[in-house]
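Trainee: Got a predicted structure plus its sequence, pasted below:
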Amino acid sequence: MDFESVFGLLLRNFEKEKIRYALIGGLAMHAAGYVRSTADMDFLVLKEDMPKVKKMMLGYGYEAFHESEDVSTFVSPLKPMGRVDFLHAHRKYALAMLQNAKEQRVLEGKVPLKVVKAEDMIGLKVQSSSNDPSRHNQDMADIEEMIKVNKGKLNVELLKEYFSLFGRENELSEILKRADDVK
């Protein structure tokens, strides 16, 4: 996927159409100091903006691969344009994540855009690993690394709230303990 080109295309249109968005997923983790490979782009978008997003994506030749109340996935038949996932912000926590997103630079500083906070990325990982057990190991490894990389900078109370939403407080306690053991 040609991330830089796709970012250019999407960000111009997000601004033109006044689409409220924030980067999430693997590329957002780069902005939080944790680098791992990713093959797609993920955005949090205000649910009421999704009709504009869908029209834009279809207009650029993407195909709607999956659509639900909470998520839309678009895939281009052109490999460089890749896959773009949109999480629909319409619930309390997702709306707050969108509201609190800050402009940061990704792709080695080339692309400025709004990115959710590290705590919010962790919260999304807790949710995804709770909803899809096959993602548990990778999501938990991502969470642990983000906590280690951002040690001392995170709002631990917010992390506790995210984990408690899914009855997983003990997992966070264990991760925090291991992070404290790291010198």
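Mentor: Received it, and whenever you're ready, just let me know what you need. Numbering: from 1, shown residues only.
Trainee: make it CA atoms for all contacts and neighbour counts henceforth
Mentor: Fine.
Trainee: which residue packs closest to Val75, ignoring adjacent ones?
Mentor: Spatial nearest neighbour of Val75, excluding adjacent residues (Cα to Cα, 6 or more residues apart in numbering): Arg83 at 4.4 Å.
Trainee: Show me how the chain divides into domains.
Mentor: Domains of the chain are assigned by automatic domain parsing as 1-116, 117-183.
Trainee: Redo those as CSV? Include mean pLDDT and mean neighbour count.
Mentor: As requested, the domains of the chain are exported to CSV (pLDDT from 0 to 100; neighbours: other Cα atoms under 10 Å):
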stretch, mean pLDDT, mean neighbour count
domain 1-116, 94, 17
domain 117-183, 92, 16
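Trainee: any idea how far the residue nearest the centre of the chain is from Val53?
Mentor: The centre of the chain sits closest to Ile24, judged by Cα atoms, centre = their mean, with a distance of 1.6 Å. According to Cα to Cα, to the nearest Å, Ile24 and Val53 sit 16 Å apart.
Trainee: cool, Lys148 as well?
Mentor: As judged by Cα to Cα, Lys148 and Val53 stand 35 Å apart.
Trainee: Next: Gly61.
Mentor: 13 Å.
Trainee: so what's Phe166 closest to, chain neighbours aside?
Mentor: Closest residue to Phe166 apart from its sequence neighbours, by Cα to Cα, 6+ apart: Ser130 at 7.0 Å.
Trainee: quick one: that neighbour from Gly59, how far?
Mentor: With Cα to Cα as the criterion, Ser130 and Gly59 are 34 Å apart.
Trainee: before we move on, what about Lys102?
Mentor: To Gly59, Lys102 is 28 Å away according to Cα to Cα.
Trainee: Sketch out the helices for the protein, chain order is fine.
Mentor: 3-16, 25-31, 50-59, 92-100, 118-131, 136-149, 156-165, 169-181 (DSSP state H).
Trainee: starting at the chain centroid, how far to the second one?
Mentor: Offset of helix 25-31 from its chain centre (Cα atoms, centre = their mean, to the nearest Å): 7 Å.
Trainee: can you list contacts of it?
Mentor: Helix 25-31 has contacts (Cα atoms under 8 Å, 6 or more residues apart in numbering) with 35-38, 41-43, 104-106, 115-116, 118, 121, 146.
Trainee: 7 Å instead, please
Mentor: With Cα atoms under 7 Å, 6 or more residues apart in numbering as the contact definition, helix 25-31 has outside contacts at 35-36, 38, 41-42, 104-106, 115.
Trainee: quick one, what contacts Tyr62?
Mentor: Counting by Cα under 7 Å, 6+ apart, Tyr62 makes contact with 74-77.
Trainee: could you redo the residues you listed as CSV and give each row distance to Ala141?
Mentor: Compiled in CSV, the contacts of Tyr62 are given as follows (distance: Cα to Cα, whole Å):
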residue, distance to Ala141
Phe74, 27
Val75, 27
Ser76, 29
Pro77, 31
